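Next comes the sequence, and after it the predicted model I'd like to discuss.
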Amino acid sequence: MKFSTTNPYTGEVLKTFPTASEADINNAIEKADTAFLAWRETAFSERARIMQNAADILRRDVEKYAPILTIEMGKLLTEARAEVELSARIFEYYAKNAETLLAPEKLPVADPAEGNATLVCEPLGIILAIEPWNFPYYQIARIIAPQLSAGNVVLLKHAANVPQAAVAFESLMLEAGLPAGAFTNLFIDHEHVGFILNDPRVHGVALTGSEGAGSIVAAEAGKALKKSTMELGGADAFVVLADADLDKTAKWAVFGRHWNGGQVCVSSKRMIIEDSAYDGFMERYVKGVSELRAGDPMDPNTTLAPLSSQRAVDDLKDKIQQAVAHGAKAMEVGPSVPNQGAFLQPTILTDIGEDNPARYWEFFGPVSMIFRAKDENDAVRIANDSPFGLGGSVFTSNPAHGAEVAKRISTGMVFVNHPTMVKADLPFGGVRRSGYGRELLGLGIKEFVNHKLIDVVEIDAPF
């Protein structure tokens, strides 16, 4: 695997990095194991100080960190700055809350003879984090902030196209005061994942990425009897009920589908519109998409980012052609995107029949699937007719009713009158082919801990 920075806007290869050898990996595991023995005994107050330091450094040096994201994967500079701030908030959340989240829990035992029972959370050791390129900092922060706060240590395998982001975050944590070896970036090939997971000093793996990658890594973890969490793909439903405010809803739809160039697992990929609202929504949505402006992601006037690579563009074009070949209609929207850069013309797919396999795909870019629903029940049916179950949203003028509809949608997250949101203090995760496990909050910090029972029993022996 080649780890290199290729600017998606210019196509220029800016920097390459050597792949780690097995000797390098063994050395990193040895250092991580040594670091863990000390880090697990480190007071929560000291861990919190380091997490807060990381947050403070990110905010102080936002203009150092943000451009790396734009250069490596094409993120709009405005969105890159927002990602730096989101990452800082995650560190800050655990700096303030980790000790409370992991506090011992006294169990309400039924029989006094069972003793004084307490559940405590203890770190496991080395955790392998495998992270994607679309949010290079946020994806790291949402795994290392909770796991380091819990007393674990982390090895990182980042995506091959964002190596400078990985290096920057490793340097960030050292500057924040984290002991050497407690968080290590490794430029490793895919085949070395199994090598790491089979090391007895490694106790789990957290992956965010594609279904294919998740399936392979989950199988490797299972064979090695290691705990895993999988945050995989998504095809979020954006349900528009008949009474929705269409002006507001269409604006959220344009944003929800196209932020980060449409390369978000929780972006609004499937828009499901009740029949009576369909024409009004489509008119507004097409107009909104046509007003997006593709261009230099460093330019504050640019509102549509390039995709991460030309290969990503080519793959999406192929998927659109396949969808059309199976009966869908494709409409390109807006002014022509620039010839320079890995841009895809924003495209709207309609008439996607139930026999069209594209109905069940994830389009990772500025491609919208629009469905006309006969009524509310049909909208819920279409929303649930997906192999994915990550996020979703319901738009209505009656929020209480929207919450009831949200309960009927089978996903890990549903928002009323807002596209799926990503925040430091909201849990993240899905069901079915969107993976398993949760990240952030108390759910995330407890994914890789030993939930250990300590029971003090003071009764006489039976004989």
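That came through fine.

and residue 135, what does it touch?
83, 260, 264 (C-beta atoms under 8 Å, 6 or more residues apart in numbering). For the C-beta atoms, the positions are set from N, CA and C on the backbone; glycine is no exception.

typo on my end, residue 427
413, 438, 439, 440, 441, 443, 444.

Top of those residues by number of neighbours, please.
Counting neighbours by other C-beta atoms under 10 Å, residue 444 leads those with 26 neighbours.

Give me the pLDDT for that one.
Residue 444 carries a pLDDT value of 97.

do the same with residue 2
pLDDT at residue 2 comes out at 89.

quick check, nearest of the contacts of residue 427 to residue 286?
residue 413 (27.5 Å; C-beta to C-beta).

What sits closest to that closest one if chain neighbours are left out?
residue 391 (4.3 Å; C-beta to C-beta, 6 or more residues apart in numbering).

Verify the stated contact: the one you found with residue 410.
No. Counting by C-beta atoms under 8 Å, residue 391 sits too far from residue 410 to count as a contact (11.5 Å).

Can you mark which positions in the longest helix along the chain are buried?
Assignment by DSSP state H gives helix 77-101 as the longest helix of the chain. Of all the residues in helix 77-101, those buried under the rule 16 or more other C-beta atoms under 10 Å are 77-95, 97-98, 101.

thought residue 7 was touching residue 68?
No. Using C-beta under 8 Å as the test, residue 7 is too far from residue 68 to be in contact (11.2 Å).

Which of these two has more residues huddled nearby?
Neighbours were counted for residue 7 and for residue 68 using other C-beta under 10 Å; residue 68 has more, 22 against 18.

Please save the CA atoms from the helix or strand hosting residue 287 in PDB.
Counting by DSSP states H and E, the element that carries residue 287 is helix 275-290. Taking C-alpha atoms only, helix 275-290 is exported to PDB below (Å, rounded to 0.1, in the frame of the first residue of the first chain):
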ATOM      1  CA  ASP A 275     -46.700  12.600  -2.700                       C
ATOM      2  CA  SER A 276     -48.400  15.900  -1.900                       C
ATOM      3  CA  ALA A 277     -45.100  17.600  -1.100                       C
ATOM      4  CA  TYR A 278     -43.000  15.900  -3.900                       C
ATOM      5  CA  ASP A 279     -43.300  18.500  -6.700                       C
ATOM      6  CA  GLY A 280     -42.800  21.500  -4.300                       C
ATOM      7  CA  PHE A 281     -39.700  19.900  -2.700                       C
ATOM      8  CA  MET A 282     -38.200  18.900  -6.000                       C
ATOM      9  CA  GLU A 283     -38.500  22.400  -7.400                       C
ATOM     10  CA  ARG A 284     -36.700  23.800  -4.400                       C
ATOM     11  CA  TYR A 285     -34.100  21.100  -4.100                       C
ATOM     12  CA  VAL A 286     -33.000  21.200  -7.800                       C
ATOM     13  CA  LYS A 287     -32.700  25.000  -7.500                       C
ATOM     14  CA  GLY A 288     -30.600  24.700  -4.300                       C
ATOM     15  CA  VAL A 289     -28.300  22.100  -5.800                       C
ATOM     16  CA  SER A 290     -27.900  24.200  -8.900                       C
END
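
now for the helix or strand following that helix, which elements pack on it?
For helix 275-290, the following helix or strand on the C-terminal side (DSSP H and E) is helix 310-325. Other elements packing on helix 310-325 under the criterion 3 or more C-beta pairs under 8 Å, 6 or more residues apart in numbering; DSSP states H and E are strand 329-332, strand 347-350, strand 367-373.

Could you give the separation of helix 310-325 from the chain centroid?
Put simply, helix 310-325 sits 23 Å off its chain's centre (C-alpha atoms, centre = their mean, to the nearest Å).

Residues touching that helix, excluding its own?
Against helix 310-325 from outside (C-beta under 8 Å, 6+ apart): 8, 11, 263, 307, 330, 342-344, 347, 349, 352, 356-358, 361, 363-365, 367.

same thing but at 10 Å, please
6, 8, 11, 73-74, 133, 161, 261-263, 306-307, 309, 328-330, 332, 337, 341-345, 347, 349, 351-352, 356-359, 361-367, 369 (C-beta atoms under 10 Å, 6 or more residues apart in numbering).

Can you give the domain ranges for this protein?
Per the record, the chain has its domains at 3-233+426-454, 237-416, by automatic domain parsing.

Pull up the distance across the shortest one, start to finish.
Looking back up the chat, that one is domain 237-416. 12 Å (C-alpha to C-alpha, to the nearest Å).

Quick check: mean pLDDT of it?
Here the average pLDDT along domain 237-416 is 98.

same deal with stretch 193-202?
Throughout stretch 193-202, pLDDT has a mean value of 97.

please begin residue numbering at 21 from this point
In the new count, where the first residue is 21, that last one comes out as stretch 213-222.
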